[in-house]
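Engineer: no FASTA, just this:
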Ligand code: SF4
């Protein structure tokens, strides 16, 4: 019996690609990848209905190098999709060799994404990964060159499909036929495709040399303001975000909150210039329930030491000018 490694995002296409191969009696090991930008939740949900084992591979370190400087550039946001696909296929290929699998497959559909799923890009990605010929895309296989497992008779090409383009009609029909009702929306899942997150990440890449996982985690929380070349401030928008900011606070950070009124937590990672404290205090007052027209008491804490100062709220114009 042939066996294959499937790159499972958890979306409908990867579920269908797996079902097509399972119909041919092929044994599947699902793999998915995780980084601070995307996780394995959707894949975990998918394998529960596919009844295949799942291996979750953390590629954070290598992936972040790509985000900083992708060889093939970014998509619409800070998403280096072509480089990312190459990296994922390389990792899958390493597993294929080490554990003697016959081939790798993905749920990619020709022409579904104009930049990363046109014929040229699919072939280039396969070539660059070093596993060209061993990468099967069951949903579009009949429109692509024959792969080694098809040539060797491990996969029946006649039972693969010729789907292409952005319409999802055929996938939905197939899902109905297989009785698959539970699949996530194809959009979302990778923060690098989110315009607001991408803006913040671009700002971080521009202003900070050494970036740690915590810096990425912080990008997911609150409103972000750039105060100067080396200082930014993050302000929680609701209770859970305030709690998350406190969880993520490190030694050396400044935490600011308004005294006596409900209001946000403001966090200045690694920062302490006096000017940044004053403007952060005024932002904090602005987003609190305190009156906006009088100076308000603000508490500042750094490494266990507390200070108190008074600050008026900053104007809406200043907020707009500083927000990332
Ligand atoms: S959307 Fe994100 S996870 Fe998907 S290929 Fe692009 S960078 Fe990679």
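Structural biologist: Cool, the structure landed. As the structure is a computational prediction, the values presented were derived from the model and not from experiment. Numbering: from 1, shown residues only.
Engineer: any idea how far residue 68 lies from the ligand?
Structural biologist: 13 Å (Cβ to the nearest ligand atom, to the nearest Å). (Glycine included, C-beta is placed from N, CA and C.)
Engineer: need the strands for this protein, in chain order.
Structural biologist: Taking DSSP state E, the strands of the chain run over residues 3-7, 27-34, 54-58, 103-105, 135-136, 223-228, 231-235, 254-258, 265-268, 296-302, 305-311.
Engineer: Can you tell me which of those is nearest to the ligand?
Structural biologist: strand 27-34 (7.5 Å; Cβ to the nearest ligand atom).
Engineer: Wondering if that closest one reaches the ligand at all.
Structural biologist: No. Strand 27-34 lies apart from the ligand when judged by Cβ under 6 Å from any ligand atom; the minimum separation is 7.5 Å.
Engineer: Contacts for that strand, please.
Structural biologist: 1-10, 18, 21-22, 40, 43, 46-47, 50, 52-60, 63, 88, 91-92, 95, 101 (Cβ atoms under 8 Å, 6 or more residues apart in numbering).
Engineer: go on, stretch 106-121?
Structural biologist: 6-9, 11-18, 75, 81-82, 85, 89, 122, 125, 135-140, 143-144, 163-166, 171.
Engineer: Ok, stretch 138-154 next?
Structural biologist: So stretch 138-154 is contacted by 2, 4, 13, 16-17, 20-21, 26, 102-103, 105, 107-110, 119, 122-123, 133-137, 155-157, 160-164, 171 (Cβ under 8 Å, 6+ apart).
Engineer: Now with 7 Å, please.
Structural biologist: 2, 13, 16-17, 20-21, 102-103, 105, 107, 109-110, 122, 133-137, 155, 157, 160-164 (Cβ atoms under 7 Å, 6 or more residues apart in numbering).
Engineer: deepest of the strands of the chain, which one?
Structural biologist: Across the strands of the chain, averaging neighbours per residue (mean count of other Cβ atoms under 10 Å) puts strand 135-136 on top, at a mean of 28.
Engineer: Need phi/psi at the spatially closest residue to residue 20 that is not a sequence neighbour.
Structural biologist: Of all residues not flanking residue 20 in the chain, residue 138 sits nearest, at 4.6 Å (Cβ to Cβ, 6 or more residues apart in numbering). Main-chain dihedrals, residue 138, degrees, to the nearest 10: phi -60, psi -30.
Engineer: from the contacts of stretch 138-154, which would you call buried?
Structural biologist: Among the contacts of stretch 138-154, those classed as buried by 16 or more other Cβ atoms under 10 Å are 2, 13, 16-17, 20-21, 102-103, 105, 107, 109-110, 122, 134-137, 155, 160-161, 163-164.
Engineer: among the contacts of stretch 106-121, which are within reach of the ligand?
Structural biologist: Applying Cβ under 6 Å from any ligand atom to these, those adjacent to the ligand are 81, 85.
Engineer: Out of the contacts of stretch 106-121, list just those in helices.
Structural biologist: 12-18, 81-82, 85, 89, 122, 125, 171 (DSSP state H).
Engineer: just the residues you listed now: which is nearest the ligand?
Structural biologist: When the ones in helices among the contacts of stretch 106-121 are compared against the ligand (criterion: Cβ to the nearest ligand atom), the nearest one is residue 81, at 3.4 Å.
Engineer: Tally up the residues packed near that closest one, please.
Structural biologist: 23 (other Cβ atoms under 10 Å).
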